[in-house]
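S.K.: mind folding the following:
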Amino acid sequence: MKNHTYNFFILTFATDSENKLMLSVFFILVYLIGVMANSATIVAIYRDRHLHTPMYLFLCNLSIVDLCYTTSTVPKLVYMLLSGDYTLSFTQCFVQMYFFLQVATTEDLLLFIMAYDRYVAICNPLRYHSLLSKKICILLMAAAWATGCINSTVTALTTSNLPLYTNIVPQFLCESKAFTKMSYPNTGFQLFSYIEAVMFGVFPFLCSIISYTKVIIVILHIKSSDGRRKAFSTCSSHLMVLTMYYGTWMSVYIMPPLKDPRVFELTLSILFSIITPMVNPLIYSVRNKDVKTALLKMVGIKVRGE
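M.R.: Here you go, the predicted structure:
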């Protein structure tokens, strides 16, 4: 069966029309909040010269990724819920898969880079500006985005050539794991999927955990309680985002097959691909004094001490 000769049917949510309207409103609100929060973070960092440092450069890139993340899924999902048209052409399906994988991979690497930034800042502060110079930061950002492009291209092309026995996608978007359930048993593709997940998911996560473990050990040895508080405050928001993102991501992509996992997978997929990108800038703006100050100044609120 040639994949490009038919459309794909997106299964989304089994619910009635009234609930679909409520779901649409919910996703629209989440999307708008995410767009406004991430856009505000980008503009605040761009306008405040005090935030033109590696840590905030990475945070700005994370906000850009989160904007792309939700844009690659929510508008089409809302359209399907409101119109009742759950079909995607071959091209539409794999274009969505490409962009979703691209930003997902980039976010994985960005979170690791942000963990490395905090490791250098706290564990090796004297070499911070040499290890994370402007040139190196730009190279790290370019490498993260380029790796995302390469991984998404390879994965989307590989998935598009799978022999399928059904055109029903058991997810609310076209993503590679769903195609393992739509294709005939293929040991090679399953192995490829696990290698891809380990390389761009598990490995960056473990490296981030190692970085933060060393950071916490150093923080605990700081004699000044005020110094410990300031050091930990710069890492706590990163840790919260890291835990929330990877916790839901691994639950979906690393868990073994379940008897009836669809509702569970849909819920977790929504959490890491729609809710988390909305919550990320809110976490950083609430827990990071510098970002909070820049946002307040941007809307014309005078900050005490400025």
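S.K.: mind listing what's buried in stretch 111-131?
M.R.: 111-122, 128 (16 or more other Cβ atoms under 10 Å). All C-beta spots, glycine's among them, are computed from the backbone N, C-alpha and C.
S.K.: what about that stretch, distance to the chain center?
M.R.: Averaged C-alpha coordinates place stretch 111-131 at 22 Å from its chain's average position (Cα atoms, centre = their mean, to the nearest Å).
S.K.: run through this structure and note the low-pLDDT ranges.
M.R.: 1-5, 14-18, 227, 231, 250-264, 286-287, 300-306 (pLDDT under 70).
S.K.: quick one: Ala121 from Leu62, how far?
M.R.: 17 Å (Cβ to Cβ, to the nearest Å).
S.K.: quick one, strands of the stretch 151-300 of the chain?
M.R.: For the stretch 151-300 of the chain, the strands defined by DSSP state E, counting those that start in this stretch occupy 168-169.
S.K.: hey, where'd the helices end up in the stretch 51-200 of the chain?
M.R.: 54-71, 74-83, 90-123, 128-131, 134-160, 176-180, 187-197 (DSSP state H, counting those that start in this stretch).
S.K.: output the contacting helices and strands for the third one.
M.R.: Applying 3 or more Cβ pairs under 8 Å, 6 or more residues apart in numbering; DSSP states H and E, one finds that helix 90-123 contacts helix 54-71, helix 128-131, helix 134-160, helix 203-220, helix 225-253.
S.K.: backbone dihedrals for the closest residue to Tyr6 other than its chain neighbours, both of them.
M.R.: In space, and not counting its chain neighbours, Tyr6 is closest to Asn167: 5.4 Å by Cβ to Cβ, 6 or more residues apart in numbering. The phi/psi pair for Asn167 (degrees, to the nearest 10) reads phi -110, psi 10.
S.K.: show me the contacts for Asn167.
M.R.: By Cβ atoms under 8 Å, 6 or more residues apart in numbering, Asn167 lies in contact with 6-9, 182.
S.K.: relative to the centre of the chain, find the outermost residue for me.
M.R.: Lys223 (35.8 Å; Cα atoms, centre = their mean).
S.K.: so how far is the helix or strand hosting Tyr31 from its chain's centroid?
M.R.: For Tyr31, the host element (DSSP states H and E) is helix 17-47. Put simply, helix 17-47 sits 15 Å off its chain's centre (Cα atoms, centre = their mean).
S.K.: packing partners of it?
M.R.: helix 54-71, helix 74-83, helix 276-287, helix 289-298.
S.K.: deepest in the core, which of the ones you listed is it.
M.R.: Scoring those by mean neighbour count under mean count of other Cβ atoms under 10 Å gives helix 54-71 as the most buried, with a mean of 22.
S.K.: wait, which of the helices and strands packed on helix 90-123 is closest to Ala178?
M.R.: Within these, the stretch nearest Ala178 is helix 134-160; the backing value is 9.4 Å (Cβ to Cβ).
S.K.: buried stuff in the closest one?
M.R.: Using 16+ other Cβ under 10 Å as the test for burial, helix 134-160 gives 137, 140-141, 144-145, 147-148, 151-152, 155-156, 158-160.
S.K.: quick check: angle from it to helix 90-123?
M.R.: With axes from the mean of the first three to the mean of the last three Cα atoms, to 10 degrees as the basis, helix 134-160 and helix 90-123 are set at 150 degrees to each other.
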